[in-house]
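> A predicted structure for the sequence below; I have some questions about it.
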Amino acid sequence: MTFETIRFTADGAVARLTLDRPASLNAYTSVMCRELVEALAAFQADDALRVLVLTGAGRAFCAGGDIRNGEETEEGERRQLGHAMVMREGMHRVARSLYRLDKPTIAMINGAAVAGGLTLALLCDFRIAAAGARLGDTSGTVGLLPDEGGAWLFPRVMGQEAALRMTLLGEVYDAARARELGLVGEVVPDAELEARTAGLAAALAARAPLAVRTAKKLVRRGAEVPFDLALDDAEFAVDVVNGSADVREGVAAFVEKRAPRFRGR
């Protein structure tokens, strides 16, 4: 697939989505949002792809919305329903698409991930940051809001007081502090970021796809529903997974003391 502002590639079962506007620190635009939604849909639809790695080109992960060229502001001022419609058709479509994926996603945070860029990272299941990366919410610095989904994500990840401190004061943290706050799960030396991410992606891709995708759905939904409903969901899920060929293969591999060969069936 050919895009203007992103790169979407695959290596075996692992897809890689790279924000590709390095001169603008990969700040997103309406064009990038449309392309991200298209790429995420292609990833979800292709059963051969089991894991997605999201990263940025150059020295940044994503610096949020591109306010330097004024594109989003100007478009909002021209449109009926204004800025709300720009957000709904733009970054909110990206956020919904990424959040709804039922395959594992990894944010490979190679540099600055701030404002909407931090939101993109938090929408991924796993976040590995280079030691030199910096993360935070700078939206309020120019009078904007954490409107890409950050206002929902930040307190769930780091607690309400820490989220308010970061957003209201425009704080940006080094990778070590970001890990302490729960914004990332792992910090590695810059030179090891690619290898560590590739290792995690390969490990996830080797797992039973049907179980992985169903388990992710159960965990996500379980955070939003009462316990009894979560158990109801699990009862329906086992009807899909437990009778699969992958489970038979997994049991056989365990008995035969070999590595399983899962096919997603």
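All right, it came through fine. This one's a predicted model, so the numbers in the text were calculated from it and none came from an experiment.
> which residues in this structure form helices?
With DSSP state H as the definition, the chain shows helices at residue ranges 30-45, 71-78, 82-89, 91-100, 116-122, 150-158, 160-169, 175-180, 193-205, 209-222, 227-241, 245-256.
> could those helices go into JSON lines alongside mean neighbour count and distance to residue 10?
Backbone N, C-alpha and C define where each C-beta goes, glycine included. What follows is those, written out as JSON lines (neighbours: other C-beta atoms under 10 Å; distance: least, C-beta to C-beta, whole Å):
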{"stretch": "helix 30-45", "mean neighbour count": "19", "distance to residue 10": "9"}
{"stretch": "helix 71-78", "mean neighbour count": "15", "distance to residue 10": "30"}
{"stretch": "helix 82-89", "mean neighbour count": "15", "distance to residue 10": "27"}
{"stretch": "helix 91-100", "mean neighbour count": "19", "distance to residue 10": "17"}
{"stretch": "helix 116-122", "mean neighbour count": "29", "distance to residue 10": "20"}
{"stretch": "helix 150-158", "mean neighbour count": "18", "distance to residue 10": "27"}
{"stretch": "helix 160-169", "mean neighbour count": "15", "distance to residue 10": "35"}
{"stretch": "helix 175-180", "mean neighbour count": "18", "distance to residue 10": "28"}
{"stretch": "helix 193-205", "mean neighbour count": "18", "distance to residue 10": "11"}
{"stretch": "helix 209-222", "mean neighbour count": "17", "distance to residue 10": "15"}
{"stretch": "helix 227-241", "mean neighbour count": "12", "distance to residue 10": "25"}
{"stretch": "helix 245-256", "mean neighbour count": "13", "distance to residue 10": "21"}
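> Against residue 57, how distant is residue 191?
Separation of residue 191 from residue 57 (C-beta to C-beta, to the nearest Å): 18 Å.
> For the two, indicate the residue with more neighbours.
Between residue 191 and residue 57, counted using other C-beta atoms under 10 Å, residue 57 has the larger neighbour count: 19 against 9.
> picking that back up, any idea which of the helices of the chain has the lowest pLDDT on average?
Among the helices of the chain, helix 71-78 has the lowest mean pLDDT, at a mean of 59.
> how close does residue 233 get to residue 102?
On the measure of C-beta to C-beta, residue 233 and residue 102 end up 13 Å apart.
> Repeat that for residue 127.
Taken as C-beta to C-beta, the span from residue 127 to residue 102 is 18 Å.
> Who has more neighbours out of those two?
Neighbour totals were compared for residue 127 and residue 102, and residue 127 leads with 28 against 13 (other C-beta under 10 Å).
> got a list of what residue 128 touches?
Listed by C-beta atoms under 8 Å, 6 or more residues apart in numbering, the contact set of residue 128 reads 106-109, 184-188, 193, 196-197, 200.
> if we can go back for a sec, format the helices of the chain as JSON lines; extra columns: distance to residue 131.
As requested, those are arranged in JSON lines below (distance: least, C-beta to C-beta, whole Å):
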{"stretch": "helix 30-45", "distance to residue 131": "27"}
{"stretch": "helix 71-78", "distance to residue 131": "32"}
{"stretch": "helix 82-89", "distance to residue 131": "33"}
{"stretch": "helix 91-100", "distance to residue 131": "25"}
{"stretch": "helix 116-122", "distance to residue 131": "16"}
{"stretch": "helix 150-158", "distance to residue 131": "20"}
{"stretch": "helix 160-169", "distance to residue 131": "20"}
{"stretch": "helix 175-180", "distance to residue 131": "5"}
{"stretch": "helix 193-205", "distance to residue 131": "9"}
{"stretch": "helix 209-222", "distance to residue 131": "28"}
{"stretch": "helix 227-241", "distance to residue 131": "37"}
{"stretch": "helix 245-256", "distance to residue 131": "37"}
